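[1] sequence? don't have it. structure:
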């Protein structure tokens, strides 16, 4: 991606016309405009009405920014709580996955035999259907008949209630870490494989210790790859829905913004107007954070190049 | 003093030990799912049972009591049509982006990439309301169209990368021979990008098959897909873990097969072609 953003494509003869270009691109772009910009505009309109689920659309009244004012002013105290939860989850999960992923990648890089086997195994979690991952962990973390506490009971006195009010947030983060750490590890591993050899040789000639080489050569060279992994994890956790939906249903202090929007709109009250406003805020949050990280990524690629 | 050989050997031993632990943590939930799916309902509530006579009653129950064949078929129909149409639309767009110089083409590509980062809830509410108003909720067409939202940008980005790896000369030769751009695409570029198409298709199949949020709201009954069936097993008597895990195995199996086939391209796909 960074590559495409910066490097001009393979040069092509100039005689090819703009019309031809659009002939190829329009069949994809037109439905996408309807599906994204069209629906976003509609969502924005709904977010400024008091529309309720189950009533005809014509009964919706325009209320301006009332739904937003309600969110921001704190009349909806769960909104700020879910903003905090969403950001906390995104940051902690990404940080943990990055740290563990880096360790796993370095471990894999250092072994000679069985690398291909370990790589294949690491690919499993990230392709398993997320709701199924959620359900299996819900079964394993159950405090009465879950296998995790059955194992822990052998080691400690009182195994914790994983899906109770205190730990359900931690549990959801742990499940995300289980599913996505291998993804980060494989990204970093493919980054390690593509690093140039010369800086390492130079450092070895200068008599640098292995830890010096790691901190002053490997890590700086890996920067763009690490930012890339951060980009994907940060945003995907911000918008996470499936796993939380099946594990806790959004209750017990795991109500992130997606789940908050879901509950307002579809989980009982049927306040579609307010749910839409929450979704618009979430959309802006993801756009804002992803553009920040992408800018960092481009800067990092450019520095690598020069 | 420890000799260097012993030191090296013990370090290597520690490394393999750590990787072994990671291996167990990674595979255990999948193993436990398969194991629970072949237990009797009573056994599913007892984690102390590790060795037992396997039963397939949970799988039979899925087909007999829950008509799961229908959901399997729904998932297959929606996946096949969404993937084929995304490959066609994305293939055309990828060709345009790969082979033409156009001022704002990177803006178009960047906009498509940004769709990847939109939350599902942003699409769910408007699509649900519009589909309801048009009376097309719970139809194949609705889900197939909705899935274009993230499948077309994905196909475009992946295929563009593959197309750019194909040398231009072969195509130029076809153009000189009087072929149109479209003919050159179909006869020269597509066959050469064959592995790229298969990899893109496999990854599209995985992400379409696994999709949950849109399916939950847009496929409410007749066209319900595999991932959303799970809600049926949370009964007042508790969760039917046997059926639930059997469903998990049936849902995951096709995905794992396609992941295996596209193993080489998995990271490339999951990073939208950023890493090769």
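    It's in. From a predicted model like this one, the values you see are computed outputs, not experimental measurements. Numbers count the residues shown, from 1 in each chain, chains lettered A, B, ... in the order given.

[2] now residue A:191: how far from chain B?
    With distances taken as Cβ to the nearest Cβ, to the nearest Å, residue A:191 is found 7 Å from chain B. Quick note: C-beta positions are derived from backbone N, CA and C, even for glycine.

[3] wait, that residue touches residue B:267, no?
    No: taking contacts as Cβ atoms under 8 Å, residue A:191 lies outside contact range of residue B:267: 10.0 Å.

[4] between those two, what contacts are shared?
    Common contacts of residue A:191 and residue B:267, defined by Cβ atoms under 8 Å, 6 or more residues apart in numbering or on different chains, comprise residue B:275.

[5] walk me through the domains of chain B.
    When chain B is parsed with automatic domain parsing, its domains come out as B:4-37, B:68-231+B:246-270.

[6] for chain A, which of those domains is the nearest?
    The minimum distance between chain A and these falls on domain B:68-231+B:246-270, with 3.1 Å, by Cβ to the nearest Cβ.

[7] in stretch B:216-236, what's buried?
    Residues of stretch B:216-236 classed as buried: B:216-219, B:223-230, B:232-233 (neighbour count, 16 or more other Cβ atoms under 10 Å in any protein chain shown).

[8] out of these, which touch chain A?
    Among the buried residues of stretch B:216-236, the residues within reach of chain A (Cβ under 8 Å from any Cβ of the partner chain) are B:216-217, B:226-228, B:230.

[9] among those residues, which one sits closest to residue B:187?
    Closest approach to residue B:187 among these (Cβ to Cβ): residue B:226, at 37.5 Å.

[10] and among the domains of chain B, the most buried is which?
    Of all the domains of chain B, domain B:68-231+B:246-270 carries the top mean neighbour count, a mean of 20, counting by mean count of other Cβ atoms under 10 Å in any protein chain shown.

[11] span of that domain from start to end?
    29 Å (Cα to Cα, to the nearest Å).

[12] now it: average pLDDT?
    On average, the pLDDT along domain B:68-231+B:246-270 is 90.

[13] burial of residue A:292, as a residue count?
    12 (other Cβ atoms under 10 Å in any protein chain shown).

[14] grab the most central residue of the chain for me.
    In the absence of a named chain, chain A is used. For chain A, the residue nearest the mean C-alpha position is residue A:236 (1.7 Å; Cα atoms, centre = their mean).

[15] my question was about chain B, not that one.
    Mean-position check on chain B, Cα atoms, centre = their mean. Result residue B:206 at 1.6 Å.

[16] would you confirm that that one contacts residue A:128?
    No: counting by Cβ under 8 Å, residue B:206 does not reach residue A:128; the two are 9.8 Å apart.

[17] need the overlap of contacts for these two.
    Residues within reach of residue B:206 and of residue A:128 at once, by Cβ under 8 Å, 6+ apart, are residue B:255.

[18] name the nearest residue to residue B:242, ignoring sequence neighbours.
    Leaving aside its chain neighbours, residue B:242 sits nearest to residue B:58 (3.9 Å; criterion: Cβ to Cβ, 6 or more residues apart in numbering or on different chains).

[19] surely that neighbour meets residue B:249?
    No: with contact defined as Cβ under 8 Å, residue B:58 does not count as touching residue B:249 (9.2 Å).

[20] overlap in contacts of these two?
    By Cβ under 8 Å, 6+ apart, the residues touching both residue B:58 and residue B:249 are residue B:37.

[21] can you name the residue of the stretch 101-250 of chain A nearest chain B?
    For the stretch 101-250 of chain A, Cβ to the nearest Cβ, closest residue to chain B: residue A:239, 3.4 Å.

[22] verify the stated contact: that residue with residue A:258.
    Yes: counting by Cβ under 8 Å, residue A:258 is a contact partner of residue A:239 at 6.0 Å.

[23] who has more neighbours, these two?
    For the pair residue A:239 and residue A:258, the greater number of neighbours falls to residue A:258 (27 against 22), based on other Cβ under 10 Å.

[24] next SSE after the helix or strand hosting the more buried one?
    Using DSSP states H and E, residue A:258 sits within helix A:257-266. Once helix A:257-266 ends, the next helix or strand along the chain (criterion: DSSP H and E) is helix A:272-305.

[25] that next one close to chain B?
    Yes: counting by Cβ under 8 Å from any Cβ, chain B has neighbours in helix A:272-305: A:272, A:275-276, A:279-280, A:282-283, A:286-287, A:290.

[26] in TSV: these, plus pLDDT.
    Below are the residues of helix A:272-305 next to chain B laid out as TSV (pLDDT from 0 to 100):
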residue	pLDDT
A:272	89
A:275	91
A:276	93
A:279	93
A:280	94
A:282	93
A:283	92
A:286	92
A:287	89
A:290	88
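
[27] thinking again about what came up before, between the ones next to chain A among the buried residues of stretch B:216-236, which is nearest residue A:18?
    Using Cβ to Cβ, residue B:217 is the member of those that sits closest to residue A:18, with 39.4 Å.

[28] can I assume the closest one sits in a helix?
    Yes: checked against DSSP: H, G, I helix; E, B strand; the rest coil, residue B:217 lies within a helix.

[29] tell me the spacing between it and residue A:198.
    For residue B:217, the distance to residue A:198 (Cβ to Cβ, to the nearest Å) stands at 54 Å.

[30] just checking, residue B:163 touches residue B:94?
    Yes: if you go by Cβ under 8 Å, residue B:163 and residue B:94 touch, sitting 5.6 Å apart.

[31] which secondary element of chain A has the worst mean pLDDT?
    Using mean pLDDT, DSSP states H and E, helix A:2-6 stands out as the lowest-scoring helix or strand of chain A, at a mean of 46.
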